[in-house]
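Engineer: Task: produce atomic coordinates for the following.
(one chain, ligands or ions: 2)
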Amino acid sequence: MIRIAIQAKGRLNEESCLLLRDAGITIDEAKRKFLGKAADFPLEVLYLRDDDIPEVVADGSADIGIVGLNEVEETGAGVKILRRLGFGNCRLSLAIPKGEDYPGLSYFDGKAIATSYPNILRKYLEENGIKASIREIKGSVEIAPAAGIADAIFDIVSSGGTLVSNGLKEVETVLHSEAVLIAGPDLPEDKLELIDAVLFRFDSVTLSRGKKYILMNLPAKAVEEAVKILPAMRSPTVMPLAAEGWCSLHSVVREKELWDKVEALKKIGAEGILVLNLDKVIL
Ligand code: ATP
Ligand code: MG
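Structural biologist: Ligands and ions are numbered 1, 2, ... in the order given. Down below sits the predicted model:
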């Protein structure tokens, strides 16, 4: 049995639950408590505040966890990062009132900076030889300059909309963060085996995300061109059709590139193009 810690509620909860579900690990959400058990995999889910996840994994109360890289860095917990998971993307940035001139990092010398991430900020300032004071506040960091609590802020940014609506501008990005899968330092062999099985499933799920399965009929003479348009994982599958001079070509395409590829394929004579959802990619 292994135990995974995930965020109980908040921005990472839904995607964390979805990843488990897509990996065929079913937790009964209706009966959800502090601790849940999977019906079809030897795994327990511990629902926590995200701040607590790195330490709970480091001290062995949970074996693995899903949490933002920002929290891992801030707590400095002794955990291993097994995978970047591709969701919960954000950055930790320095921002200042938008009317201020920004000459570079020296701007922050002698200034007060409000943040909920004092450890990451302290390290960054030290590395860059900047002497600023850090005002730790737990929430609503973005209002600190207007409220006269600090001159600048160091906070999570995703779209930047919150900064703009508080009259601030982003001037330095210190950390790019996303959800990561972490593991404790000394896990016994039997748990490592189960974690490997979970990793294998998670990898299949993440590989299939943002991809579509595409198939079409194509004049046989256009196959070479089509392979250039659709490189696929190894190379596309080509099968002859009953109609002389035609074949069926199957491949995988990134959703972002789908329409460009479809247009290019139509130009070289592709017909009857089907685009299907891809459930899992197992390498
Ligand atoms: P908890 O109650 O678990 O302590 P929280 O309020 O500290 O939750 P959330 O706002 O739910 O945290 O964010 C969780 C994580 O989601 C962040 O630590 C960060 O890694 C990531 N994240 C992604 N985008 C954003 C964003 N726009 N604002 C805040 N966090 C974001
Ligand atoms: Mg938190």
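
Engineer: In the protein, what residue spans correspond to helices?
Structural biologist: For the chain, applying DSSP state H gives helices covering 13-22, 53-58, 69-75, 118-127, 161-165, 189-208, 223-229, 258-267.

Engineer: nearest to ligand 1, of these?
Structural biologist: Proximity to ligand 1, assessed across those by Cβ to the nearest ligand atom, is greatest for helix 69-75 (4.8 Å). All C-beta spots, glycine's among them, are computed from the backbone N, C-alpha and C.

Engineer: quick one: contacts for the residue in the stretch 151-283 of the chain positioned nearest to ligand 1?
Structural biologist: The stretch 151-283 of the chain approaches ligand 1 most closely through residue 158 (3.3 Å), counting by Cβ to the nearest ligand atom. Applying Cβ atoms under 8 Å, 6 or more residues apart in numbering, we find residue 158 in contact with 89, 90, 91.

Engineer: And the buried ones among those residues, selectable in PyMOL?
Structural biologist: Filtering the contacts of residue 158 down to the buried ones (16 or more other Cβ atoms under 10 Å) takes a single PyMOL command:
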select buried, resi 90+91
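
Engineer: which of the contacts of residue 158 lies closest to ligand 1?
Structural biologist: For these, the nearest to ligand 1 is residue 90 (3.6 Å; Cβ to the nearest ligand atom).

Engineer: doesn't residue 70 make contact with the closest one?
Structural biologist: Yes - counting by Cβ atoms under 8 Å, residue 90 touches residue 70, with 7.3 Å between them.

Engineer: Bridged to the closest residue to residue 27 other than its chain neighbours, which residues?
Structural biologist: Nearest residue to residue 27, sequence neighbours excluded (Cβ to Cβ, 6 or more residues apart in numbering): residue 36, at 4.5 Å. Going by DSSP bridges, residue 36 is paired in beta bridges with residue 45.
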